[in-house]
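> model the following, please.
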Amino acid sequence: MALSVHKVTVKSSSMGWKTLSSTIIITISEIQMAPHTRLREFLNLQNIFRELLLAFVERSKQRPKQLIFYRDGVSEGQFKQVLEQEIHEIEKAWTALYNEKPKITFVVVQKRHHTRLFPSKPKDRQYADKSGNIRAGTVVDNNICHPTEFDFFLCGHAGAKAGQLHLVKPYMVAVQSNNVSAMNEALNELYVEDEDYERLRESVDMHDNFDQIGLAQKLEKHELLEMRRIAAYIYKKAGRWKQSIALSKKDNMYKDCMETCSQSGDRELSEDLLVYFIEKGKKECFASCLFICYDLIRPDVALELAWMNNMVDFAFPYLLQFIREYTSKVDDLVKDKIESQKEERAKEKEEKDLAAQQNMYAQLLPLALPAPPMPGMGGPPPPMGGMGMPPMAGMGMPPMGPGPMPAFGMGGY
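Predicted structure coming up:
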């Protein structure tokens with residue numbers, strides 16, 4: 001048996017549908033709602049249920065074996081109140097008729113919740129439908145359910161085109177900074193379906209944890225030019241320069257080709273692009289490529305291609321720039337060499353001035369007198385007298401002058 005209320009008014013009666021399954025008996029009656037309560041509470045539920053039981057027995061000629069009661073309009077904080085009141089009313093109606101306790105399965109159905117389910121593998125048809133939503137009939141009864149009560153999530157019907165993913169799109173955008181692969185791929189799928197190439201380009205720029213080559217291969221066949229440009233951009237980010245340039249050539253996006261060549265740092269790719277522009281007769285693109293890939297293209301190759309294909313006029317600005325650059329480099333080298341020579345000459349002059357100044361100071365000093373010979377060095381020692389001491393003979397030399405005089409008060413021996 002199922003009972004649901006489609007329209008509720010607080011002060012008056014509301015029309016409700018009462019459904020008896022098994023023999024599918026549907027009747028319409030007045031269901032009184034309790035006024036001034038936040039819970040959609042039924043009045044006289046015991047009598048209503050008794051009428052349904054009698055109608056079921058009259059049609060099916062048997063009484064129900066089990067009751068399944070679906071109840072909506074109940075928040076999580078009101079579960080206990082509903083269980084205590086409404087199940088008690090149903091049991092009283094059953095007991096009054098059959099004098100026994102019934103088997104009741106009470107199911108609370110909540111539609112207004114903030115839980116949204118989406119497949120982790122949107123491309124796998126085992127988990128998702130063609131719109132990228134979870135398949136109809138999917139039941140989730142663990143991990144995200146109530147830790148103690150028995151509850152589950154049921155996807156009762158197929159969603160619209162990416163409808164369920166669109167419901168959680170604001171949440172996905174808010175948490176995309178975590179750079180989770182499944183989240184990035186789901187959002188990118190939404191942007192592709194919405195043909196929102198600006199948001200897709202931003203997502204690809206800021207979050208790289210996704211199947212880049214898979215997305216690029218999908219986008220390169222897209223009917224929108226901007227989507228194909230994003231495919232070429234992804235190839236460029238992944239370092240697949242040739243694929244990116246080939247895709248840009250196919251869409252005549254020549255500026256993208258030149259920028260990709262410049263960022264690749266590959267001289268061969270840049271010079272091959274010059275040849276491509278010559279073959280296509282794109283003289284303006286030839287001139288532009290010479291400047292965008294200026295650091296990669298060799299001057300002799302550029303001038304040879306221009307001369308052989310009668311495009312010297314378009315290469316002439318490049319030639320002027322090249323001559324100007326190299327002239328500036330030579331001028332800088334000459335200037336540096338002249339400044340270096342000036343510094344060397346100034347340093348030599350400073351050293352010479354310092355040496356001349358030292359020589360001038362040496363000439364102004366007085367001549368130094370020779371030092372007296374030291375004892376034991378072979379020269380005669382200076383005579384030492386006084387204090388009554390006789391002079392000392394030096395190093396075996398005979399004394400000069402008269403002999404020593406006796407000291408006062410002492411006789412000679």
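> what segments of this structure are helices?
Secondary structure of the chain (DSSP state H): helices located at 45-60, 79-98, 163-167, 169-175, 181-194, 197-206, 212-219, 225-237, 241-250, 254-264, 267-280, 283-292, 299-308, 312-364.
> now distance to Leu117 too, for these, in JSON lines please.
From N, CA and C alone the C-beta is placed, and that goes for glycine too. Shown next, in JSON lines, are the helices of the chain (distance: least, CB to CB, whole Å):
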{"stretch": "helix 45-60", "distance to Leu117": "33"}
{"stretch": "helix 79-98", "distance to Leu117": "22"}
{"stretch": "helix 163-167", "distance to Leu117": "7"}
{"stretch": "helix 169-175", "distance to Leu117": "12"}
{"stretch": "helix 181-194", "distance to Leu117": "12"}
{"stretch": "helix 197-206", "distance to Leu117": "22"}
{"stretch": "helix 212-219", "distance to Leu117": "23"}
{"stretch": "helix 225-237", "distance to Leu117": "28"}
{"stretch": "helix 241-250", "distance to Leu117": "36"}
{"stretch": "helix 254-264", "distance to Leu117": "40"}
{"stretch": "helix 267-280", "distance to Leu117": "47"}
{"stretch": "helix 283-292", "distance to Leu117": "49"}
{"stretch": "helix 299-308", "distance to Leu117": "60"}
{"stretch": "helix 312-364", "distance to Leu117": "60"}
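> mean pLDDT lowest for which of those helices?
Sorting those by mean pLDDT places helix 163-167 lowest, at a mean of 59.
> coming back round to it: with mean neighbour count and distance to Cys145 added, can I get the helices of the chain in CSV?
Converted to CSV, those look like this (neighbours: other CB atoms under 10 Å; distance: least, CB to CB, whole Å):
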stretch, mean neighbour count, distance to Cys145
helix 45-60, 17, 28
helix 79-98, 15, 14
helix 163-167, 17, 18
helix 169-175, 13, 19
helix 181-194, 19, 21
helix 197-206, 16, 32
helix 212-219, 18, 33
helix 225-237, 21, 39
helix 241-250, 19, 46
helix 254-264, 20, 50
helix 267-280, 17, 56
helix 283-292, 19, 58
helix 299-308, 15, 69
helix 312-364, 11, 69
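> spit out the contact partners of Gly106.
Not Gly; residue 106 is Phe. Counting by CB atoms under 8 Å, 6 or more residues apart in numbering, Phe106 makes contact with 69, 71, 83, 86-87.
> leaving out the residues flanking it, which one is nearest to Arg199?
Nearest residue to Arg199 in three dimensions, chain neighbours excluded: Tyr191, at 5.0 Å (CB to CB, 6 or more residues apart in numbering).
> for Arg135, which non-adjacent residue is closest in space?
Nearest residue to Arg135, sequence neighbours excluded (CB to CB, 6+ apart): Asp129, at 5.4 Å.
> check Tyr98 too.
For Tyr98, ignoring the flanking residues on the chain, the nearest one in space by CB to CB, 6+ apart is Arg63 at 6.7 Å.
> that neighbour: what's it in contact with?
If you count contacts by CB under 8 Å, 6+ apart, Arg63 has them with 53, 56-57, 97-98.
> and the residues you listed, which is closest to Ile245?
Checking the contacts of Arg63 against Ile245 with CB to CB, the nearest one is Phe56 at 74.4 Å.
> re the thing from before, count the residues that sit near the residue nearest to Arg135.
Burial measure for Asp129: 15 neighbouring residues, criterion other CB atoms under 10 Å.
> for Thr327, see how far away it is.
From Asp129 across to Thr327, the span is 68 Å (CB to CB, to the nearest Å).
> same check, this time on Lys335
Note on Lys335: its distance to Thr327, by CB to CB, is 12 Å.
> what of Lys92?
Note on Lys92: its distance to Thr327, by CB to CB, is 106 Å.
> ditto for Leu247
From Leu247 to Thr327 the distance is 40 Å (CB to CB).
> would you format the contacts of Phe106 as CSV with distance to Ala306 included?
What follows is the contacts of Phe106, written out as CSV (distance: CB to CB, whole Å):
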residue, distance to Ala306
Phe69, 87
Arg71, 84
Leu83, 89
Glu86, 90
Ile87, 92
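> how about these, which pair is most distant?
Phe69 and Leu83 (10.6 Å).
> and the protein, what are its domains?
The chain breaks down into these domains under automatic domain parsing: 2-109, 114-167, 173-319.
> could you dump these into TSV with distance to Glu348 added?
Output for those, formatted as TSV (distance: least, CB to CB, whole Å):
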stretch	distance to Glu348
domain 2-109	94
domain 114-167	79
domain 173-319	41
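> find the nearest non-adjacent residue to Pro102, please.
Trp94 (4.1 Å).
> could you report the pLDDT at the residue nearest to Arg135?
The pLDDT attached to Asp129 in the predicted structure is 75.
> surely it touches Gly137?
No - using CB atoms under 8 Å, Asp129 is not in contact with Gly137; the gap is 10.8 Å.
> does Gln66 touch Thr105 like I think?
Yes - using CB under 8 Å, Gln66 is in contact with Thr105, at 6.9 Å.
> might one say that Leu154 is in contact with Asp141?
No - here Leu154 lies out of contact with Asp141, judged by CB under 8 Å, at a distance of 9.2 Å.
> which of the contacts of Arg63 lies closest to Asp124?
Distances from Asp124 to these, taken by CB to CB, are shortest for Phe56, at 43.9 Å.
> quick check: the closest one vs Phe106, distance?
18 Å.
> one step back: and the furthest pair within the contacts of Arg63?
Maximum pairwise distance in those, criterion CB to CB, is 12.4 Å, between Phe56 and Tyr98.
> return the residues in contact with Glu226.
Tyr197.
> and for the one 5 residues further on?
Residues in contact with Ala231 (CB under 8 Å, 6+ apart) are 215-220, 222, 247.
> between those, which sits nearest Ser288?
Closest approach between the contacts of Ala231 and Ser288, by CB to CB: Leu247, at 19.3 Å.
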